[in-house]
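Visitor: coords please:
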Amino acid sequence: MHTISHIVLIITATTTALISGLFYAWSCSVVPGLARVSDSTYLEAMQQINRAILNPVFFMSFMGTAFLLPLSTWLHYGPELNARFWLLLLASVVYLAGTFGVTMFGNVPLNNALDAFNLSAASVQELATQRARFEVPWNNLNIIRTVAGVIALVLIVLACLSPAAETTRPPVVYR
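Guide: Numbers count the residues shown, from 1 in each chain. Take a look at the predicted model:
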């Protein structure tokens, strides 16, 4: 029988897989592709992508995981702190610091600075300078959040595979 804690854990694993997969796919496909284009094309593409990603589907997995992981951890907290609880707690810390935190305090400020940059008024040199300020730091932060997301996902999978805490119900006595 599935309890609310099991259902929340399944949804948590799903949202974590979705957001980790997004960052992984970005690292494997978009980053190498954009590395091959001109400075103006790169900057315009990143401005448009950063605007387009702010949508409910993205927020469902990104913010959903930030909410669901601690909730799932709390739902598996009990008198006996078993492996499932500790794995979920560690996954929460890794995701909140390494994926959510890096995005909010690293990638988002870079995105905002890029969004404020006026491409149409910039010289070729200013475009090159802006790209240099943005691309390497942003990609390095993306690697960190990708690795953290994958680690969090592996910890959640391990939590799913570990036994749940035993209930502390008194034994049933038949007479």
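
Visitor: From the contact counts, what lies against the longest helix along the chain?
Guide: Longest helix in the chain by number of residues (criterion: DSSP state H): helix 124-161. The contact analysis (3 or more CB pairs under 8 Å, 6 or more residues apart in numbering; DSSP states H and E) places helix 124-161 against helix 4-25, helix 39-52, helix 56-75, helix 83-94, helix 102, helix 108-116. Quick note: C-beta positions are derived from backbone N, CA and C, even for glycine.

Visitor: Tally up the residues packed near Phe117, please.
Guide: If you count neighbours by other CB atoms under 10 Å, Phe117 ends up with 17.

Visitor: give me every residue that touches the closest residue to it other than its chain neighbours.
Guide: Distances taken as CB to CB, 6 or more residues apart in numbering put Gln130 closest to Phe117, at 5.4 Å, once the chain neighbours are dropped. By CB atoms under 8 Å, 6 or more residues apart in numbering, Gln130 lies in contact with Asp39, Leu43, Leu114, Phe117, Ala122.

Visitor: now, which of those residues sits nearest Leu141?
Guide: Of all the contacts of Gln130, Leu141 sits closest to Leu114, with 13.1 Å by CB to CB.

Visitor: Reduced to three states, what does His2 come out as?
Guide: Recorded secondary structure, His2: coil (DSSP: H, G, I helix; E, B strand; the rest coil).

Visitor: residues contacting it?
Guide: Counting by CB under 8 Å, 6+ apart, His2 has no contacts.

Visitor: low-confidence ranges in this structure?
Guide: Where the chain drops to pLDDT under 70, the residues are 1, 165-175.

Visitor: thinking again about what came up before, relative to Val136, tell me which of the helices and strands packed on helix 124-161 wins on proximity.
Guide: When the helices and strands packed on helix 124-161 are compared (using CB to CB), the closest one is helix 108-116, at 10.4 Å.

Visitor: Could I have the CA atoms of the closest one written out in CSV?
Guide: Backbone C-alpha positions of helix 108-116 (Å, rounded to 0.1, in the frame of the first residue of the first chain) are rendered in CSV as follows:
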residue,chain,number,x,y,z
VAL,A,108,20.5,34.1,-12.1
PRO,A,109,22.6,37.2,-11.4
LEU,A,110,24.7,36.4,-14.5
ASN,A,111,21.4,36.0,-16.5
ASN,A,112,20.1,39.4,-15.1
ALA,A,113,23.3,41.2,-16.0
LEU,A,114,23.2,39.7,-19.5
ASP,A,115,19.5,40.7,-19.9
ALA,A,116,20.4,44.3,-19.0
